[in-house]
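Asks: Take a look and give me a structure for this.
(one chain, ligands or ions: 1)
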Amino acid sequence: MSHYHIKDLEQYYQAYRKSVSDPEIFWDEIASDHFLWRKKWDSVLEWDFSKPEVTWFKGAKLNITENCIDRHLTTLGDKTAILFEPNNPEEAAQHITYKELSQRVNKFANVLKQQGIKKGDRVCIYVPMIPELAISVLACARIGAIHSVVFAGFSAAALSTRINDADCKMLITADGAYRGAKTIDLKGIADQALELCPGVASVLVIKRIDAEINMKQGRDQWLAPLLVNASDQCVPEIMDAEDPLFILYTSGSTGMPKGMVHTTAGYMVYTAYTFKNAFQYTEDDVYWCTADIGWITGHSYIVYGPLANGATTVMFEGVPSYPDYGRFWDIVQKHKVSQFYTAPTAIRALAKEGTDLIDHYDLSSLKVLGSVGEPINEEAWHWYNDHIGKKKSPIVDSWWQTETGGIMITPIPYVTPTKPTYATLPFIGIQPAIMDENGKELIGNRVEGRLCIKYPWPSIARTIWGNHQRYKETYFSLFDNMYFTGDGALRDEVGYYRITGRVDDVIIVSGHNLGTAPIEDAINEHPAVAESAIVGFPHDIKGSALYGYITLKDNGESSHHDKLRKEINQLISDRIGPIAKLDKIQFTDGLPKTRSGKIMRRILRKIASNDTANLGDISTLLNPEIVQEIISSALET
Ligand code: 7RM
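Replies: Residues are numbered from 1 along each chain as shown. Below you'll find the model as predicted:
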């Protein structure tokens, strides 16, 4: 019997032990019993982290869309696969059944073929959160084209860089995007990018906002008329287990974004298995992940993982604040969402608005609450637990990365007892290690250091597109024979993991290693605080001292700032110790964030060190304008 659905803690431990002692047998069973293969593998796993080279299910043949769509048609054909909720709440939601999804993906796949796209070609997808985004991803996978989705909030410069790095032949985009009360001229941005992309021979344009746009003769075509004439049958391309499925860019701390390459079989098996268990998805559930498909969270847990399990997955086009901050809860009520997966930054933004709006909605359908993207601070964890989960829905604080493809450390809801701010236990098959600075593994509990993974898992990225050397240097060189995550973590007295933040966020104050997460937690406990970020700055005596950037729930009252500074430092002193007190506190109207909601501490660090001449690339920020504001008011702090 395979352990596909974990239902209690005993079964988790059993499965975990087997996945570590007999990984090949373990994954052989999971893969055999729950997926559709055109041919089975010759070997389950071959690996060598020194090269690094990892091969899962070597020799197997499959198509991931047969697993995500075709095999469900007989039993789940009329079930909603994608539930589309538009930006405008007045516009009707769309329930796209598995049958309809099959037809639309096949038609789109046939259009791609007609346009000359073949197996192995790269197709860039720059499309907002509308059904055609998921459909174009799946259409690429149907014919073996490698998709490279670029988040539709990115600039022309960011888009062209990514198109050229992967040498994409085609761009799929839209005439525009809705975002709250605004519209975005997506095609205009794409046109600007394409001036720098001579390799793109054709552009398919999806009509979404009916904007007057420029269509370049011989290059641009509307998608709709092409679809009308395309057949809704498309024989899937039979792929090798290790054929690339997609490239997804993730920014590094320096240099070009890294095009992480994920391959077919291992990625499918792992995202499907983690989806089933980390969200305890059962047949009639409606699952909603609020991420954009432009991020790995959307790839793995809006598209592939849910569809491989025959789930109903919600796609939301809009933003949490439109038409008001009750929108998320309105959607939960309207579609009776059972699993809700979002990011700490969204939780904090919603918490800042208070609870009045929440009380208007019936959230009783919720069974599981997920969090991903950053450490979830204690304050946000409790707010989420109390006001959204009503203390009945377990919080799944899931730690993972673009590079890992799927969830790595997470509670299994209703199985693993949760603990605020802890991602708790490694998922089945995952062997974490906590390392000290000298490359020694810290054994046992109550240890803190750098988080590595010491054994391959099926969905590990196989390389960086076009730069295997960089892949090796970034992830496999700091520690021998280990994948280095770039994150810090601690293991508590019972073996639970807490992610303390990127290790470049670790600050050494008078010889004490301080992670940013626990300090920010303490600060965020103050009732006036909405959000905070801590960085280090050079200090003659301490080596580094702490600089806190804090946004308040109510920005007004600057006369209280000195009192607040005292209270905040008192809180830190009480919760962590006087060593973690802040030398400087600057109140700001906002914090610089990436478009996926991560606080950009790199920029704050420069401001704190008075090194603002060289801030690096801030063009991909969600709110670049805040940077100048923080610099100006830093001078007064
Ligand atoms: C899924 C995703 C990866 C980085 C990772 C961490 C941080 C993600 C958590 C988290 C603490 C979490 N992919 N991170 N999840 N930190 N707790 N539950 O976000 O490639 O965009 O980012 O995000 O630092 O290394 S990502």
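
Asks: Which elements pack onto the biggest helix by length in the chain?
Replies: Ranked by residue count, the top helix of the chain under DSSP state H comes out as helix 98-114. Counting contacts by 3 or more Cβ pairs under 8 Å, 6 or more residues apart in numbering; DSSP states H and E, helix 98-114 packs against helix 73-76, strand 80-85, helix 131-143, helix 223-228. In this view, the C-beta of every residue, glycine as well, is placed from N, C-alpha and C.

Asks: Export the ones you listed as a markdown table, with columns for mean neighbour count and distance to the ligand.
Replies: As requested, those are arranged in a markdown table below (neighbours: other Cβ atoms under 10 Å; distance: least, Cβ to the nearest ligand atom, whole Å):
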| stretch | mean neighbour count | distance to the ligand |
| --- | --- | --- |
| helix 73-76 | 13 | 28 |
| strand 80-85 | 23 | 21 |
| helix 131-143 | 26 | 17 |
| helix 223-228 | 14 | 29 |
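
Asks: Please spell out which residues along the worst-scoring helix or strand of the chain on mean pLDDT are buried.
Replies: Sorting the helices and strands of the chain by mean pLDDT, DSSP states H and E puts strand 512-514 at the bottom, at a mean of 77. The neighbour-count check on strand 512-514 (16 or more other Cβ atoms under 10 Å) flags L514 as buried.

Asks: how distant is it from the center of its chain?
Replies: Distance of strand 512-514 from its chain centroid, counting by Cα atoms, centre = their mean, to the nearest Å, is 28 Å.

Asks: Identify the residues contacting it?
Replies: For strand 512-514, the external contacting residues (Cβ atoms under 8 Å, 6 or more residues apart in numbering) are E448, V506, I507, I508, L546, I576, I579, A580.

Asks: got it, and stretch 209-222?
Replies: 174-178, 183, 185, 187-188, 191, 194, 200-205, 207.

Asks: Low-confidence ranges, the protein, go.
Replies: Applying pLDDT under 70 to the chain picks out residues 1, 252-255, 555-558, 635-637.

Asks: interface residues of it facing the ligand?
Replies: By Cβ under 6 Å from any ligand atom, the residues of the chain that approach the ligand are 250, 295-297, 371-375, 397-402, 423, 485-487, 499, 502, 596.

Asks: sorry, back to before: and the contacts of stretch 209-222, which of them are buried?
Replies: 174-178, 183, 187, 191, 194, 200, 202-205.

Asks: Filter those down to the ones in helices?
Replies: K187, D191, L194.

Asks: I'd like to know how far the spatially closest residue to the second one that is not a sequence neighbour sits from E195.
Replies: When you say that, I think you mean D191. Closest residue to D191 apart from its sequence neighbours, by Cβ to Cβ, 6 or more residues apart in numbering: N214 at 6.1 Å. The spacing between N214 and E195, counted by Cβ to Cβ, to the nearest Å, is 12 Å.

Asks: likewise L615?
Replies: According to Cβ to Cβ, L615 and E195 sit 26 Å apart.

Asks: neighbour-wise, which of the two wins?
Replies: L615 (16 against 9; other Cβ atoms under 10 Å).

Asks: For the residue in the stretch 501-637 of the chain that the ligand sits nearest to, give me its contacts.
Replies: Residue nearest to the ligand within the stretch 501-637 of the chain: R502 (5.0 Å; Cβ to the nearest ligand atom). For R502, the contact set (Cβ under 8 Å, 6+ apart) comprises G486, D487, G488, R601.

Asks: what about the nearest residue to the second one once chain neighbours are set aside, how many neighbours?
Replies: Among residues not flanking D487 along the chain, L451 sits closest, at 4.7 Å (Cβ to Cβ, 6+ apart). As a burial measure, the neighbour count of L451 was computed by other Cβ under 10 Å and equals 26.

Asks: Ok, K336 next?
Replies: Counted with other Cβ under 10 Å, K336 comes out at 14.

Asks: still on that earlier bit, for the residue of the stretch 501-637 of the chain closest to the ligand, give me phi and psi.
Replies: When read as degrees, to the nearest 10, the backbone of R502 gives phi -60, psi 140.

Asks: what's the helix or strand for the residue nearest to D487?
Replies: Under the criterion of DSSP states H and E, L451 resides in strand 447-453.

Asks: Does anything pack onto that strand? Which helices or strands?
Replies: Strand 447-453 packs on strand 432-435, strand 483-491, strand 497-502, going by 3+ Cβ pairs under 8 Å, 6+ apart.

Asks: next SSE after it?
Replies: Following strand 447-453 in sequence, per DSSP H and E, is strand 463-464.

Asks: Could you identify the helix or strand that succeeds that following strand?
Replies: Following strand 463-464 toward the C-terminus (DSSP H and E): helix 468-476.

Asks: got the angle between that next one and strand 483-491?
Replies: Relative orientation of helix 468-476 and strand 483-491, computed by axes from the mean of the first three to the mean of the last three Cα atoms, to 10 degrees: 10 degrees.

Asks: tell me the angle of helix 468-476 relative to strand 447-453?
Replies: Using the same axes, to 10 degrees: helix 468-476 against strand 447-453 is 150 degrees.

Asks: need the helices for the stretch 251-400 of the chain, in chain order.
Replies: For the stretch 251-400 of the chain, the helices defined by DSSP state H, counting those that start in this stretch cover 264-278, 296-298, 305-308, 327-335, 344-352, 378-383.

Asks: would you turn the ones you listed into a markdown table with mean neighbour count?
Replies: Output for the helices of the stretch 251-400 of the chain, formatted as a markdown table (neighbours: other Cβ atoms under 10 Å):
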| stretch | mean neighbour count |
| --- | --- |
| helix 264-278 | 27 |
| helix 296-298 | 25 |
| helix 305-308 | 27 |
| helix 327-335 | 20 |
| helix 344-352 | 21 |
| helix 378-383 | 22 |
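
Asks: Report the beta-bridge partner residues of the residue of the stretch 101-250 of the chain found nearest the ligand.
Replies: As assessed by Cβ to the nearest ligand atom, the ligand sits closest to T250 within the stretch 101-250 of the chain, at 4.9 Å. Per DSSP bridges, the residues bridged to T250 are K258.

Asks: And it, how far from A278?
Replies: Look at T250 and A278: by Cβ to Cβ, they are 21 Å apart.

Asks: quick one: contacts for W400?
Replies: So W400 contacts I296, V372, G406, I407, M408, I409, T410 (Cβ under 8 Å, 6+ apart).

Asks: rerun at 6 Å
Replies: I407, M408 (Cβ atoms under 6 Å, 6 or more residues apart in numbering).

Asks: before we move on, could you check phi and psi at it?
Replies: phi -170, psi -180.

Asks: returning to that earlier point: tell me what the helix or strand following the longest helix of the chain is packed against?
Replies: Downstream of helix 98-114, the next assigned helix or strand under DSSP H and E is strand 122-126. Helices and strands touching strand 122-126, by 3 or more Cβ pairs under 6 Å, 6 or more residues apart in numbering; DSSP states H and E, are strand 146-149, strand 170-174.

Asks: switch to 7 Å and redo it
Replies: Secondary-structure packing of strand 122-126 (3 or more Cβ pairs under 7 Å, 6 or more residues apart in numbering; DSSP states H and E): helix 131-143, strand 146-149, helix 156-165, strand 170-174.

Asks: Give me the most central residue, this protein.
Replies: T297 (3.2 Å; Cα atoms, centre = their mean).
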